[in-house]
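1. return atomic coordinates for the entry below.
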Amino acid sequence: MAFSDYTSCDSVRAALGINAKEAPDSVIEDGVYLTGMLEALYKISPTLADDYRTARSATNRSAKQTRFVLLADTCCAYVVAIQLIPVLPLLAPQIITDGKTALNRISNPYEHLRPTLDGTLSYLRANLIEAYADVNSSIVVPAVTKRINVLAVGVAVDPVTGQ
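-> Numbering: from 1, shown residues only. Below you'll find the model as predicted:
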């Protein structure tokens, strides 16, 4: 299993909005991130990673298979991108200069990314589960649940006594 069987370094960098100098291929393709990505796929279904690789290498894909492959590829990129967020401040230069001009960065320019990437990954994961069920009807995928928070408060004024 190679990293490129699931996603590309360019896709991960695109999700983060960075370039190859800030996160080289050698860092992104590290086995730690591959393991995390495979675990995320396994949580959806133990057979998803194998089915994805098979569908990705197919020459004549149906529209449902194409949707499944695109969603899985993007989902994998976002899983790795989220794993990279704590490491990025160590990799990114604080000062970039070309001799005439210089760019100074804030200490942690990537801290705002986590909520955005988490939200996008949640959306992608829900769509991936749906697409996977369309491609492989014999699998059992977890149901997508939505949480609704309800807040209860007491009445500020008693309507009978007025207090």
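2. what residues does the host helix or strand of residue 115 touch?
-> Using DSSP states H and E, residue 115 maps to helix 113-135. For helix 113-135, the surrounding residues in contact (CB atoms under 8 Å, 6 or more residues apart in numbering) are 15-17, 44-45, 48, 51, 55, 64-65, 67-68, 71-72, 74-75, 78-79, 81-82, 85, 139, 141-142, 144. To be clear about C-beta, it is placed using only N, CA and C from the backbone, and glycine gets the same treatment.
3. stretch 75-85 now?
-> Contact with stretch 75-85 is made by 6-8, 11-12, 14-16, 23, 27-28, 32-33, 36-37, 40-41, 110-111, 113-114, 117-118, 120-121, 124-125, 128, as judged by CB under 8 Å, 6+ apart.
4. only whichever of these are buried, select them in ChimeraX.
-> Selection of the buried residues among the contacts of stretch 75-85 in ChimeraX, burial being defined by 16 or more other CB atoms under 10 Å:
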select :6,7,8,11,12,15,16,23,27,28,33,37,40,41,110,113,117,120,121,124,125,128
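5. the protein: strands as residue ranges?
-> 95-97, 102-104 (DSSP state E).
6. please name the nearest non-neighbouring residue to residue 11.
-> residue 77 (3.8 Å; CB to CB, 6 or more residues apart in numbering).
7. tell me the contacts of residue 25?
-> By CB under 8 Å, 6+ apart, the residues touching residue 25 are residue 9.
8. from residue 133, how far out is it?
-> Note on residue 25: its distance to residue 133, by CB to CB, to the nearest Å, is 33 Å.
9. ok, residue 75 next?
-> Distance, residue 75 to residue 133, by CB to CB: 15 Å.
10. for residue 43, grab the count of nearby residues.
-> By other CB atoms under 10 Å, the residues close to residue 43 number 11.
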